[in-house]
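A.B. asks: predicted coordinates and the sequence they were generated for:
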Amino acid sequence: MASCSNSKTANKTKTQTGHKIYIRDDYAAEDLKVKFLNTQSGAKETVKPEKLKENDDYTTYSVCGDTKKYDRLIISSDGTDSIQLAFNDYVNGWHISMYGMTPFTYDEKEEPVDYAVKSFKYDKDNNKDVYIHTPKGYKKDSKEKYPVIYMTDGQNLFDNGATSHGCWSVAESVRSMQKNVGKSAIIVGIDDSTSNRDSELTPNIGKVVDVSSVDGGSFENGTGKFYSDFVVNTVMPYVEKNYNVYTDREHTAIAGSSSGGIESFYIGMEHPDKFGAVGALSPAFSLFSDKTWVKYLKSKNLGKNKPFVYIYNGDSDDLEKYLKKGAVSMVDNLKKAGYTDKDIMLRVYDKGMHTEKFWRAVFPEFLNMFI
C-alpha cells in the first residue's frame, strides 16, 4: 500500500499520514481538489492534490487520506463536484475520462480487459454466455488459489462500450486492489442481456407489488429459482473444476445490481453454505412487501451460515427513489431473521442514480468488505 507523508491542504493545514491514491484527469482541469468524507459520521476534509505528471493526454495527481477516518472521496475541478467514489486501502486511483470516473492503477498501462467466454446450455431453447476474468499473474498450473465473485449482468462488467452508461470496470478495481494490498479475485459474470431478464432475475417468493409506475417489466412468477440452480449447479462446478479458486463459502461471493441485486441476494440466501458474502446494489427488494421478505428469510433458518450482506442504493432518479425504501427496510427484515448490525452494511447516496457509473464507484467498497 502506498503511504503518504504530510503535505499542505487547500486550507494551509497539514494532512494526516495515510493512504495515497492517484487521480488521472483527461481534461486538464484547474483548481483540482479532493474532498474526503465519512458517510457515517459526516467528517470531511479538503486536500489539494500534488501534480505528478502532465502530457498531451492527461494530468496525473496524487493525494493522501486516512482510510480509517474516511470511506469516500469527491473530486472537485473547475467548481464542479464528481459523484462519491469509494476510498479505502484497495483503491489505487480514479481516472476522469469520457466514461466518467473509472478505477485505474498508477504506472500501469490502461488496456482492454481480457476474459474468457464459455457458453452453457441454459434451457431447452437457449444457451447463456459466462465471462471469466482472471487477475494479472494468474497461472492455471500454480497452486495459488483465488477468491471468486459471481456476478449477474456479466455483459456490463468489463467493456465500457457495452452500454451507453459504460461498465462496472470490475477488473480494474480488482487490479487496483492487487497492486495495493496483494489480494486478488476471479470474476465470473453471467450474461443477462436477453428479453427474459426480468423473469430470470426475479425470485418467486410471494406476490409482486405494483411496479407499473416505475417499470413495465414482467416480474410476477419469476424464474429466479431456475437461474439460481443454473449458477450453483452448472456455472460454479465448471469454474471450480477449471480454475484455481477456493471452494469454501468464506472465499465465494455473489453480487449484482437492480434485478441482478435482488437475484444475487436470493441466491445467497438459498445457498448460504456456498456464499459468504452478497453484494446487492440498487436491489429490486421493493418488488415484494416487507412481510413477504420476513416470511421468506425466516424460512431459511440461516443460523451461523449467514452471508454478509452489502447493500447500496441511490436516491436521485425515480427508480432509485422507488428502490430505496426496500433497500433500507431490508436491514430490519434481516434482523428479524437473525442478522445483527455486524452482518450488514447499508450505504445510501442521495445523488446516486440507477447506472453503472454509480455501481462501479462503490464496487471497491464491496471488495474491501469481502476480500
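C.D. replies: Sure, I can see it.

A.B. asks: C-alpha only now, for contacts and for neighbours.
C.D. replies: Noted.

A.B. asks: any idea how far the spatially closest residue to Val170 that is not a sequence neighbour lies from Glu250?
C.D. replies: Nearest residue to Val170, sequence neighbours excluded (CA to CA, 6 or more residues apart in numbering): Leu157, at 6.0 Å. Distance, Leu157 to Glu250, using CA to CA, to the nearest Å: 23 Å.

A.B. asks: of these two, which one has the most company?
C.D. replies: Neighbour count, other CA atoms under 10 Å: between Leu157 and Glu250, Leu157 has more, with 27 against 18.

A.B. asks: so that one touches Ser169, yeah?
C.D. replies: Yes: in this structure Leu157 lies within contact range of Ser169 using CA atoms under 8 Å: 5.9 Å.

A.B. asks: would you map the strands across the stretch 101-250 of the chain?
C.D. replies: 116-121, 127-133, 148-151, 186-190 (DSSP state E, counting those that start in this stretch).

A.B. asks: for the shortest one, packing partners?
C.D. replies: The one in question is strand 148-151. Applying 3 or more CA pairs under 8 Å, 6 or more residues apart in numbering; DSSP states H and E, we find strand 148-151 packed against strand 186-190, strand 252-257.

A.B. asks: what comes up buried for that strand?
C.D. replies: Neighbour-count burial for strand 148-151 flags 148-151 (criterion: 16 or more other CA atoms under 10 Å).

A.B. asks: and if you look at stretch 126-143?
C.D. replies: In stretch 126-143, counting by 16+ other CA under 10 Å, buried: 128-135, 138.

A.B. asks: and it, what's its mean pLDDT?
C.D. replies: Confidence for stretch 126-143, expressed as mean pLDDT, is 95.

A.B. asks: can you give me the first-to-last residue distance of that stretch?
C.D. replies: Stretch 126-143: ends 36 Å apart by CA to CA.

A.B. asks: and for it, what are the contacting residues?
C.D. replies: The contact list for stretch 126-143 (CA atoms under 8 Å, 6 or more residues apart in numbering) reads 114-122, 154-155, 171, 174-175, 184-191, 235, 243-244.

A.B. asks: what about 7 Å?
C.D. replies: Defining contact as CA atoms under 7 Å, 6 or more residues apart in numbering, one finds that stretch 126-143 is touched by 114-122, 154, 175, 184-191, 243-244.

A.B. asks: mind listing the helices for the protein?
C.D. replies: 170-181, 197-200, 224-230, 236-242, 259-270, 290-299, 318-336, 356-370 (DSSP state H).

A.B. asks: rebuild those as CSV, extending it with distance to Glu50 and mean pLDDT.
C.D. replies: CSV is the format used below for the helices of the chain (distance: least, CA to CA, whole Å; pLDDT from 0 to 100):
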stretch, distance to Glu50, mean pLDDT
helix 170-181, 19, 97
helix 197-200, 46, 94
helix 224-230, 48, 98
helix 236-242, 43, 98
helix 259-270, 38, 98
helix 290-299, 49, 97
helix 318-336, 36, 97
helix 356-370, 22, 97
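
A.B. asks: out of the ones you listed, which gets nearest to Ile75?
C.D. replies: helix 356-370 (12.3 Å; CA to CA).

A.B. asks: need the contact partners of the closest one.
C.D. replies: Under CA under 7 Å, 6+ apart, the answer for helix 356-370 is 85-86, 90-91, 100, 165-169, 173, 277, 279, 281, 310, 352.
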